[in-house]
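**Student:** This is a predicted model, with the sequence first.
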Amino acid sequence: MNGLLLLVRLGGQRVAVRAELVESVAEIEAVTPVPRAAPHVAGLAALRSRILTVVDCQALLGPAPHVQPAPRDAIIVVADGHGYALLVDGVDDVVVPEGEIVPVGAKLSPEWARIAGGMVEAEKDLLLVVDPLALIAGREAAAAS
């Protein structure tokens, strides 16, 4: 693999996201709730004159160990022409992987399996590669398939 990985913390775990899927990294300060939104949608936020749908990734993984105050770190992705801010515990680094992304060889909880896009070695650690589109889709999409 010759692409870069963005290393983030999510649900207390260090995971990787393929950097080419990430538009930018930002801090999200104010989120406006949206009535009747899916449980993992925290609301809407403005960033650089754009409205983003804010996805609370922790809501997909279970109860948060602690509630983080604003501002929150987010990775910004675009899917189907719409901007999304995916809230994460923190953003660590951009690295070159030490190998290819391979299928997950371990049994994962249903929450983690739903968002897993494989495993990769980076910084002498084996990391889960998280699929941002699965985070956007949430639990409802997995239940429908």
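**Tutor:** Noted; the coordinates are in hand. Given the structure is predicted, the values throughout are model-derived calculations rather than measurements. Numbers count the residues shown, from 1 in each chain.
**Student:** how long is stretch 81-92 from one end to the other?
**Tutor:** 27 Å (CA to CA, to the nearest Å).
**Student:** And that stretch, what's buried?
**Tutor:** Using 16 or more other CB atoms under 10 Å as the test for burial, stretch 81-92 gives 83-89, 91-92. Backbone N, C-alpha and C define where each C-beta goes, glycine included.
**Student:** same deal with stretch 126-134?
**Tutor:** Under 16+ other CB under 10 Å, the buried positions of stretch 126-134 are 127-132, 134.
**Student:** In this structure, where is pLDDT below threshold?
**Tutor:** For the chain, applying pLDDT under 70 flags the ranges 1-2, 64-68, 140-145.
**Student:** hey, where'd the helices end up in it?
**Tutor:** 57-61, 110-115, 132-144 (DSSP state H).
**Student:** Tell me the helices and strands packed up against the first one.
**Tutor:** Going back to what we said before, that points to helix 57-61. Applying 3 or more CB pairs under 8 Å, 6 or more residues apart in numbering; DSSP states H and E, we find helix 57-61 packed against strand 5-10, strand 82-87, helix 110-115, helix 132-144.
**Student:** returning to what we had before: which of the buried residues of stretch 126-134 lies closest to residue 118?
**Tutor:** Residue 118 lies nearest to residue 129 out of those, by CB to CB, at 4.6 Å.
**Student:** what's near enough to touch the closest one?
**Tutor:** Shown in contact with residue 129 (CB atoms under 8 Å, 6 or more residues apart in numbering): 5, 15-18, 101, 116-120.
**Student:** change it to 6 Å
**Tutor:** Shown in contact with residue 129 (CB atoms under 6 Å, 6 or more residues apart in numbering): 16, 101, 117-118, 120.
**Student:** Ok, residue 6 next?
**Tutor:** For residue 6, the contact set (CB under 6 Å, 6+ apart) comprises 17, 19, 22, 94.
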